[in-house]
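*Asks:* fold the following and give me the result.
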Amino acid sequence: MRHALLPTAALLVTVGYGAAEGLWTGRWADGDDGRVAARVNDIPRTLADWEGTDRELDAREVRVGRIAGHLWRTYQNRRTGEAVTVMILCGRPGPIAVHTPDVCFQGQGCAMAGQPRRQAVPPSGAEFWAARFDQPTAAGADRTAALWAWSADGRWEAAESPRVRYARSPFLFKLYVLRPLGPSASDGADDAALAEFLRLFLPAAGTALFPDTPPQ
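*Replies:* As a prediction, this is how the structure comes out:
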């Protein structure tokens, strides 16, 4: 089944922290900080021909990952049937900076094809880490293209060391984009459906998450 890998997105937030980590990251407060985290709910469920269906993370995942706000949504194109899953996590930079697909997916038995590479997404100016992951099945392998990036100011970046890069930010958003690939696709870099979706999704997400920042 081509969508078999996508539910494992929840594993990306299964992390634990010690006392020192807790002191460094601080606690997510109510008030203004909570309102920032709630902005994920303002991202439209409908983007042209793409219709979104939401899922919820387990409460333990949210608590252990110190996630103040999250969005886990699969968009499906009603004309073509193509699907793209997005996950956005928001919280303090310490917890949100860690646990990326190259660590989590491989820890669950998925093989990463090559090394993550930076991938620009025109015309937004966003830059993501990108990789393909293969999950063995009886019929061969389910293949998924994964993109991930962080933002504290409206610019999605493929940061080399996000813990350092965003250490002084009051909050941080992390975005995953997951796309099931057909058997002939190499890594998703030239996937037309994914490119079409990102052209619609990134501006809409930017407007919702960073309302005071001009869109990219």
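*Asks:* number of residues surrounding the closest residue to Arg165 other than its chain neighbours?
*Replies:* Residue nearest to Arg165 in three dimensions, not counting chain neighbours: Ala159, with 4.3 Å by Cβ to Cβ, 6 or more residues apart in numbering. In this view, the C-beta of every residue, glycine as well, is placed from N, C-alpha and C. Applying other Cβ atoms under 10 Å, we find 17 other residues in the vicinity of Ala159.
*Asks:* can you tell me the SS state at Ala159?
*Replies:* When the structure is reduced to helix, strand and coil (DSSP: H, G, I helix; E, B strand; the rest coil), Ala159 reads as coil.
*Asks:* next up, the contacts around it.
*Replies:* Contacts for Ala159 (Cβ atoms under 8 Å, 6 or more residues apart in numbering) come out as Ala149, Trp150, Arg165, Tyr166.
*Asks:* okay, the residue nearest the centre of the chain: pLDDT?
*Replies:* Geometric centre of the chain, nearest residue: Tyr176, 1.5 Å, by Cα atoms, centre = their mean. Here, the pLDDT recorded for Tyr176 equals 94.
*Asks:* hang on, it packs against Trp148?
*Replies:* Yes - with contact taken as Cβ atoms under 8 Å, Tyr176 and Trp148 are classed as touching, separated by 4.9 Å.
*Asks:* overlap in contacts, those two.
*Replies:* Counting by Cβ under 8 Å, 6+ apart, the contacts common to Tyr176 and Trp148 are Pro101.
*Asks:* Ala159 and Ile43, how far apart?
*Replies:* Distance, Ala159 to Ile43, by Cβ to Cβ, to the nearest Å: 22 Å.
*Asks:* likewise Leu194?
*Replies:* With distances defined as Cβ to Cβ, the gap from Leu194 to Ile43 amounts to 17 Å.
*Asks:* repeat for Glu157
*Replies:* Taking Cβ to Cβ as the criterion, Glu157 is separated from Ile43 by 19 Å.
*Asks:* what do you get for Ala152?
*Replies:* Separation of Ala152 from Ile43 (Cβ to Cβ) stands at 17 Å.
*Asks:* would you map the strands across this protein?
*Replies:* Remark: strands of the chain, listed N- to C-terminal, are 46-47, 50-55, 69-77, 83-91, 111-121, 126-137, 140-151, 172-181; assignment by DSSP state E.
*Asks:* to Ala37, which of those lies closest?
*Replies:* Evaluated with Cβ to Cβ, these place strand 69-77 nearest to Ala37, the distance being 3.0 Å.
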